[in-house]
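**Student:** could you work out the structure for the sequence below:
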Amino acid sequence: MTLFPSPSQASYLRLVRASAWYDLVVTAGFATPWSYALVHSLLSSAGDALGLGVLPERDPVQTLYANLMGSVVVVWAVLRLRRTLPVHGVYDGAARVLFSAWLAYALATGAPALLWPFLAVEVTWGVIQLAPWWRLGGRDRNRTGVHRFAGDSLNHSGTRPC
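**Tutor:** Take a look at the predicted model:
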C-alpha cells in the first residue's frame, strides 16, 4: 500500500474506514451526559498526571456542546463505516482541517496542552485523506466523485443514475 493511494483504490477506502473507526472509538464517550462526565474526568486526570493541564470544570453548556459533537461524529462515523465512498474522505478531511484550526486556536488562547495529541491526530487524518486528491490534480475526479456536491442526485453506489 502506498502512503497516499489513489481515491479510486480499495486501500483509500480502508483509510476512510479507519478514520471512521478512530472517530467512533474516540468520540462515543462524548455522546451522552453520563459518558461525557466519565471521559472528562479521565482526560483531566490524565492531563494532570502527565503535566499537560486539566480541563475546565464541567458545566451544562459545555456538556451540551460535547454531547452535540459526540452525537454528530458518531453518526458520521457510522455512515462512513456502512457506506464507504471515496468522497467521504474529502468531506472528512475538510472537517478535520476545520477542527484542527479550532483546536490550534484553543491551544493558542490558553487551552490545556492535553489537546496537542488530539491536534496531531486530526492533522494526520486530514492529510492522509486529502493528499490523494491533491496529488490527483484535475485527473480522475469524475471516477471518484469529488465533483459531486449536495443536491446532486446520486444512487446508492455513489454514481449518477442513468
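**Student:** which stretches of the chain form helices?
**Tutor:** Per DSSP state H, the chain carries helices over the ranges 10-27, 33-49, 60-82, 86-108, 116-136, 141-144.
**Student:** got those helices as TSV, with mean neighbour count columns?
**Tutor:** Placement of C-beta: from N, CA and C, glycine included. Below are the helices of the chain laid out as TSV (neighbours: other CB atoms under 10 Å):
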stretch	mean neighbour count
helix 10-27	17
helix 33-49	15
helix 60-82	15
helix 86-108	17
helix 116-136	17
helix 141-144	16
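**Student:** least confident of these, on average?
**Tutor:** If the helices of the chain are sorted by mean pLDDT, helix 141-144 sits at the bottom with a mean of 50.
**Student:** apart from its chain neighbours, what residue comes closest to A106?
**Tutor:** L115 (6.3 Å; CB to CB, 6 or more residues apart in numbering).
**Student:** give me the pLDDT for that neighbour.
**Tutor:** So L115 comes in at 97 (pLDDT).
**Student:** touching, it and T109? I think so.
**Tutor:** No: using CB atoms under 8 Å, L115 makes no contact with T109, being 11.3 Å away.
**Student:** what sits up against stretch 51-58?
**Tutor:** 36-37, 40, 43-44, 46-48, 62, 112-114, 116 (CB atoms under 8 Å, 6 or more residues apart in numbering).
**Student:** now render those residues as TSV, adding distance to R14.
**Tutor:** What follows is those, written out as TSV (distance: CB to CB, whole Å):
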residue	distance to R14
Y36	30
A37	34
H40	32
L43	29
S44	34
A46	30
G47	32
D48	37
Q62	35
P112	33
A113	32
L114	30
W116	27
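**Student:** how about those residues, which pair is most distant?
**Tutor:** Farthest apart among these by CB to CB are A37 and W116. That separation is 23.5 Å.
**Student:** list the contacts for the residue nearest to A106?
**Tutor:** Counting by CB under 8 Å, 6+ apart, L115 has contacts L103, A106, L107.
**Student:** of the residues you listed, closest to A120?
**Tutor:** Nearest to A120 among the contacts of L115, with distances taken as CB to CB, is L103, at 9.6 Å.
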